[in-house]
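>>> Sharing a model prediction with you, sequence too.
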Amino acid sequence: MMISDDIKYIGVNDHSIDLFEGLYRVPNGISYNSYVIMDEKIAILDTVDAEFTEQWLNNMKEVLGDREPDYLIVQHMEPDHSANIMNFMLKYPKATIVASARAFEMMKNFFGVEFGENRRIVADGDILLLGKHKLIFMSAPMVHWPEVLVTYDSTEKILFSADAFGKFGALDVEEEWLEEARRYYVGIVGKYGIWVQKLFQKIADWDIQIICPLHGPILPKDIGYYLEKYNLWSTYQPEEEGVVIAYTSIYGNTKNAVTRLEQMLYERGYKNVVVRDLARCDVSKAVADVFRYSKLVLATTTYNADLFPPMREFIKWLTERNFSNRTVAFMENGSWAPIAAMLMREMLEKSKQISYTDTTVRILSALNEESMKQLEELADELCKDCSNQ
């Protein structure tokens, strides 16, 4: 794949993987991206997962021909990008590894080697000249590991963005960027929004025409669109008005109440309503939905004097990713001592800029006249601004 006359793609697609990072379902696989810049000097940007060593080396050789690379730029030390550093150096022992000081510490931990004279430590603003291509480095700590670098080719105005702007899904599968990019961001980077904002400040003056991430497609146009999404996600602002109803139900009574609320919202003109059964759905998709929309209803049962486990785990996923700037409502069910609403609110107490609805729906085993009235009141409250949709 050609990115420009001088810059080629040498990454790989992984369709054998079922769980990315052992946690995130990736039905359309994942890509491990790597790039070559051909100039008077040749730079390789990042390696790939260990399962694809030979394919990656062959891709590289096909681009290099009889030439050998001068530099390996290591932007990120997660093994899906760094696993082949040693294999690269065994094949090209005269090459220089370019990375942050923290990355070289990690290389020692991973490989037991410090690389001696074959290393060049770079930091904010350092420059590597390849010929006509001028590369500028900027540290991007905690986006989403502490050693991360991004690289800007000021000649062709390309940002090599490490894990930022990545998405789930292999490159040989056609799908829109937004859904899986949002799920990727929220799951992988979501906790570190403040660090994404710091990176934005550092690179604000760069004229970026193309973004080349380490996962997902190259982004060659509409750069403002991608920057806007990352700005929203990293400041924990909703993308649009809407309600996510996340629930658990043991015998169907809480589910019945959720279905009634969903119907009431639609009847009142609410367009964006997403319902997630937390015991059965992909939790990472439910969390991404919460980042997308402005309001959240949590509905669950009291279970062993605590929360039903999938709900407890879901709220933990939210708080670990700095859930904030949302309106939250509670629905609780209990046959003799419902305390789920209180427990859910306690779990959210450290979340910032959360507004709670005045109405909490309390179900005593099954819906009755009183809890139906509460559902109506909650629907009214959630729909106060539905005309803005």
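Sure, I can see it.
>>> who's in contact with Val290?
Val290 is in contact with 244, 246, 296, 318, 323, 326, counting by Cβ atoms under 8 Å, 6 or more residues apart in numbering. Bear in mind the C-beta positions are built from the backbone N, C-alpha and C, glycine included.
>>> before we move on, what about Pro338?
Contacts for Pro338 (Cβ under 8 Å, 6+ apart) come out as 301-302, 332, 362-364.
>>> Next step: those restricted to strands.
Members of the contacts of Pro338 lying in strands (criterion: DSSP state E): 301-302, 332, 362-363.
>>> Could you rank the contacts of Val290 by neighbour count and give me the top one?
Ala246 (26 neighbours; other Cβ atoms under 10 Å).
>>> So that residue belongs to a strand, correct?
Yes. Assessed by DSSP: H, G, I helix; E, B strand; the rest coil, Ala246 belongs to a strand.
>>> Retrieve the pLDDT associated with the nearest residue to it once chain neighbours are set aside.
Of all residues not flanking Ala246 in the chain, Arg276 sits nearest, at 4.9 Å (Cβ to Cβ, 6 or more residues apart in numbering). The model reports Arg276 with a pLDDT of 98.
>>> so which strand or helix has Arg276?
Applying DSSP states H and E as the criterion places Arg276 in strand 273-277.
>>> quick one: buried residues of the helix or strand that comes right after that strand?
Next helix or strand after strand 273-277 toward the C-terminus (DSSP H and E): helix 283-292. Using 16 or more other Cβ atoms under 10 Å as the test for burial, helix 283-292 gives 283-292.
>>> same check, this time on stretch 95-102
Applying 16+ other Cβ under 10 Å to stretch 95-102 flags 95-100, 102 as buried.
>>> check contacts around the spatially most central residue of the chain.
Taking Cα atoms, centre = their mean as the criterion, Tyr185 is the residue nearest the geometric centre of the chain, at 1.5 Å. Tyr185 makes contacts with 230, 233, as judged by Cβ under 8 Å, 6+ apart.
>>> So which of the contacts of Pro338 wins on neighbours?
In these, the most neighbours by other Cβ under 10 Å go to Ile363, 25 neighbours.
>>> and it, what does it touch?
By Cβ under 8 Å, 6+ apart, the neighbours of Ile363 are 253-254, 257, 331-334, 338, 371.
>>> go with 7 Å
253-254, 257, 332-333, 371 (Cβ atoms under 7 Å, 6 or more residues apart in numbering).
>>> Make CSV from those and add distance to Asp39 to it.
Below are these laid out as CSV (distance: Cβ to Cβ, whole Å):
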residue, distance to Asp39
Asn253, 67
Thr254, 62
Ala257, 64
Glu332, 63
Asn333, 65
Ser371, 69
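>>> Return the member of these nearest to Glu40.
Distance to Glu40 across the contacts of Ile363 (Cβ to Cβ) is lowest for Thr254, with 66.6 Å.
>>> which SS state does the nearest residue to Leu219 once chain neighbours are set aside fall under?
Of all residues not flanking Leu219 in the chain, Ile211 sits nearest, at 4.2 Å (Cβ to Cβ, 6+ apart). Using three-state DSSP, the structure places Ile211 in strand.
>>> For Leu135, see how far away Ile211 is.
As judged by Cβ to Cβ, to the nearest Å, Ile211 and Leu135 stand 15 Å apart.
>>> between the two, who's got more neighbours?
Leu135 (24 against 21).
>>> for this structure, which spans come out with low pLDDT?
386-389 (pLDDT under 70).
>>> care to break it down by domain?
7-234, 240-382 (automatic domain parsing).
>>> export those to JSON lines and tack on distance to Met1?
As requested, the domains of the chain are exported to JSON lines (distance: least, Cβ to Cβ, whole Å):
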{"stretch": "domain 7-234", "distance to Met1": "4"}
{"stretch": "domain 240-382", "distance to Met1": "28"}
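>>> Show me the helices in the stretch 101-250 of the chain, by range?
With DSSP state H, counting those that start in this stretch as the criterion, the stretch 101-250 of the chain has helices at 101-111, 177-184, 193-202, 223-234.
>>> Thr155: which of those is closest?
That would be helix 223-234 among the helices of the stretch 101-250 of the chain, by Cβ to Cβ, at 17.0 Å.
>>> Can I get the ones in strands among the contacts of Pro338 in a markdown table including distance to Trp145?
Listed next are the ones in strands among the contacts of Pro338 as a markdown table, based on distance: Cβ to Cβ, whole Å:
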| residue | distance to Trp145 |
| --- | --- |
| Thr301 | 38 |
| Thr302 | 39 |
| Glu332 | 39 |
| Arg362 | 44 |
| Ile363 | 44 |
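>>> Next, give me the two most distant ones among those.
Farthest pair in the ones in strands among the contacts of Pro338, by Cβ to Cβ: Thr301 and Arg362, 11.7 Å.
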